[in-house]
Every structure is written in C-alpha cells, then in structure tokens.
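Visitor: Everything below, folded, please.
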Amino acid sequence: MDKHISTPIDAETAGGLHAGDYVYVSGTVYVARDAAHKRFMEALDRGENLPFPVENAAIYYMGPSPAREGRPIGSAGPTTASRMDKYAPCLLDLGLRAMIGKGKRTQEVIDAVVRNQAVYFAAVGGAGALLSKCIQSSELVCYGDLGAEAVLKLEVADFPLIVVVDARGNNLYETATGDYAE
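Guide: Numbers count the residues shown, from 1 in each chain. Below you'll find the predicted structure:
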C-alpha cells in the first residue's frame, strides 16, 4: 500500500506502517553514517546533547556525492545499515523514530524498533541519482571534517521508501522470502 507521511514521525504514524508498505516521505531527514554515529555516542558519553533534535527524527544512512551545478546534492543512495547497528538501539531509545538504509538489521535493532514504536525503511540501492531528485535542500549540521560522512539536514519531498521492519517487528527481508519458497 502506498502511503505519504511527513517528518517528524510520531509513534502513531510509525505504528500505522506495515512491512512491505511503499512510503513517500516529505520533510526533514538527517544524514549520518558510522563515523558520525561514533561521535554521537562520544558526545552522549560526555553528557552532551546530540547536534540535532533526535526525538521523532529520521536518519538516512547515506554518503552523498558532490552536488552538480544547480542541485543541492549529488547522488544520494543508501549505505549498508548494519554498520550503525551498534549505535541504533541507543538512538532509538532517545526517541529516534525512523532509520533509512539498505540491508538487514540485527535482532537487537529490531527489538529497539518494537520497543520504541519506530520503523526501518529501505531506500533502493543503486538509485542514488534518482533519489537525489527528491531532495530539495541540503545543509551541513556538524562534523564537516568528516567530508561525505558529515551530518546533513535534508529537506525531501515524496522520498520513496519501503518499510522493511515495522513497529511490530515484522521484517520484510524475512517474510518476503517465504512468498517465493517452494
């Protein structure tokens, strides 16, 4: 089923999504990969706040290519989400509502998704140039020294995603294979 949602994403919205739904997201999405996640944890260990409001936020695991002339960003395809698995439960417990990436997640992350009424979306790998057309603006938030792994704030319109793990723990990567088993 196709659904259109906006960020920030509350628990009710996340709870209304089901594994396999096609979702078009509009609003603010933050970009952060493993190096930024490591810094998030270091900041939290020092008792500092995160550099963006994490409650009900969506984080996209992506490392953009340089923007072409007249565009806010270059190719914007997803990166493998499992590299953030050691950090994701903590961020979900702090109120993160949505993660966007590609690939499977650990059971610990899935448990945190359920515990926090969150959602894990997949963006289509290999379609970064097409995905970038849904990005209206890109702004550096912090960690500019990380280059392509800096934290960015994106404004997106109808960004196409698929619900992989829903708030009940249903996992499309597990259930979809059954549709094709003999």
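
Visitor: C-terminal to the longest strand along the chain, which secondary structure element comes first?
Guide: The residue-count maximum for a strand in the chain (DSSP state E) belongs to strand 151-165. Counting by DSSP states H and E, the element after strand 151-165 in chain order, helix or strand, is helix 172-178.

Visitor: For that following helix, give the mean pLDDT please.
Guide: For helix 172-178, mean pLDDT rounds to 79.

Visitor: One more: stretch 45-58?
Guide: So the average pLDDT for stretch 45-58 ends up being 96.

Visitor: Between the two ends of that stretch, how far is it?
Guide: Taking C-alpha to C-alpha, to the nearest Å, stretch 45-58 runs 22 Å from one end to the other.

Visitor: Distance from it to the middle of the chain?
Guide: Centroid separation for stretch 45-58 versus its chain: 15 Å, with C-alpha atoms, centre = their mean, to the nearest Å.

Visitor: which parts of it are buried?
Guide: Using 16 or more other C-beta atoms under 10 Å as the burial criterion, the residues of stretch 45-58 that qualify are Leu50, Pro51, Phe52, Val54, Asn56, Ala57, Ala58. Backbone N, C-alpha and C define where each C-beta goes, glycine included.

Visitor: Show me the beta-bridge partners of Lys153.
Guide: Per DSSP bridges, residues listed as beta-bridge partners of Lys153: Tyr30, Glu139.

Visitor: residues touching the nearest residue to Ala11 once chain neighbours are set aside, list them.
Guide: The shortest distance from Ala11 to any non-neighbouring residue, by C-beta to C-beta, 6 or more residues apart in numbering, is to Gln117 (4.0 Å). By C-beta atoms under 8 Å, 6 or more residues apart in numbering, Gln117 lies in contact with Ala11, Ala14, Gly15, Arg97, Ala167.

Visitor: In contact with the fourth one, which residues?
Guide: For Arg97, the contacting residues are 8-11, 14, 55-58, 116-119, taking C-beta under 8 Å, 6+ apart as the criterion.

Visitor: can we see that at 7 Å?
Guide: Ile9, Ala14, Asn56, Ala57, Ala58, Ala118 (C-beta atoms under 7 Å, 6 or more residues apart in numbering).

Visitor: go on, the last one?
Guide: With contacts taken as C-beta under 7 Å, 6+ apart, Ala167 has the following neighbours: Ala14, Gly15, Val113, Val114, Gln117, Ala118, Val119.
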